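# One predicted model, sequence on top.
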Amino acid sequence: IKKAAQSIMLRPETKIKKLLFLKGQIGVLRADRYDLAQQAFNLILLKLVLILITAIFLSWLINRMLARMTKDSEKKPDSERNHNLPFILLIKKVSKGAIWTIAFIMGLDIAGFNIGAFLAGLGIGGFAIAFAVKGMLADVFGGLTIMLLKPFKVGDMIDLKGSWCIVRQIGIRYSTLEDF
C-alpha cells in the first residue's frame, strides 16, 4: 500500500511523461464534462416533455369542462342557449391560448433563453396592439358585459332611442335587433 501511494504521489520526471500524465487527466476531465453535459441535456429534455404533457392535459381538461357546459347549455331554451354559447367559445379560445403561451414561455426559459427581454417585448407589443384595436376591444367587452349581466335575452323587446326592437341574436361584437 505504501509503495502504491508513493507511485501516485510521484510526479513525472521527463517532459514526455509529464505530457502523457496531463493528457490522461485532461482526457478524464473532458469525459466528466461530457457526462455532465449529457445529464444536463437529459434533464432539460425531461422538463420540456413534462411541460408539453401538462399543457396537453390542461387543454384536454378545459375542452372537457367546456364541452360539458355546452352540453348543459343545449338543454336550455333557445334564448339562453344562444346567449351563453359565444361566451363559452370565447373562454375556450382564451384559456387554450393562455395555456400554450405559458407553456411556450416556460419552455424557452428552461432552454436557456432570456425570458425577461422576451416578456418586455410582449408587453410593449401588447400595448401597441391594444391601441390599434381599441374600438374592437370596446365592442368585445360590451358584448361580454351583456352576456354576463344579461340585461336582455333573445326574444325580448327593448327600447332603443325611442323605437321598440326585438332582440334576435346576441354576440360578442354585436347584437342583432329587429325594428318594427
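In hand now; what should we look at?
# quick one, what contacts Ile62?
For Ile62, the contact set (C-beta atoms under 8 Å, 6 or more residues apart in numbering) comprises Lys92, Ser95, Lys96, Ile99. Quick note: C-beta positions are derived from backbone N, CA and C, even for glycine.
# From those residues, pick the one nearest Gly112.
Comparing the contacts of Ile62 against Gly112 with C-beta to C-beta places Ile99 closest, at 22.4 Å.
# Need the three-state assignment for that closest one.
helix (DSSP: H, G, I helix; E, B strand; the rest coil).
# From here on, call the first residue 509.
Done: numbering now begins at 509, and the last item shifts to Ile607.
# That one and Gln677, how far apart?
Distance, Ile607 to Gln677, by C-beta to C-beta, to the nearest Å: 30 Å.
# what about the two, which has more around it?
Shown here are Ile607 and Gln677; by other C-beta atoms under 10 Å, Ile607 has more neighbours (18 against 13).
# For that one, give me its contacts.
Residues near Ile607 by C-beta under 8 Å, 6+ apart: Ala563, Leu566, Ser567, Ile570.
# element containing the residue nearest to the first one when sequence neighbours are not counted?
Taking C-beta to C-beta, 6 or more residues apart in numbering as the measure, Ala563 lies nearest to Ala611, with 3.8 Å between them; neighbours along the chain are not counted. Secondary structure from DSSP states H and E places Ala611 in helix 586-619.
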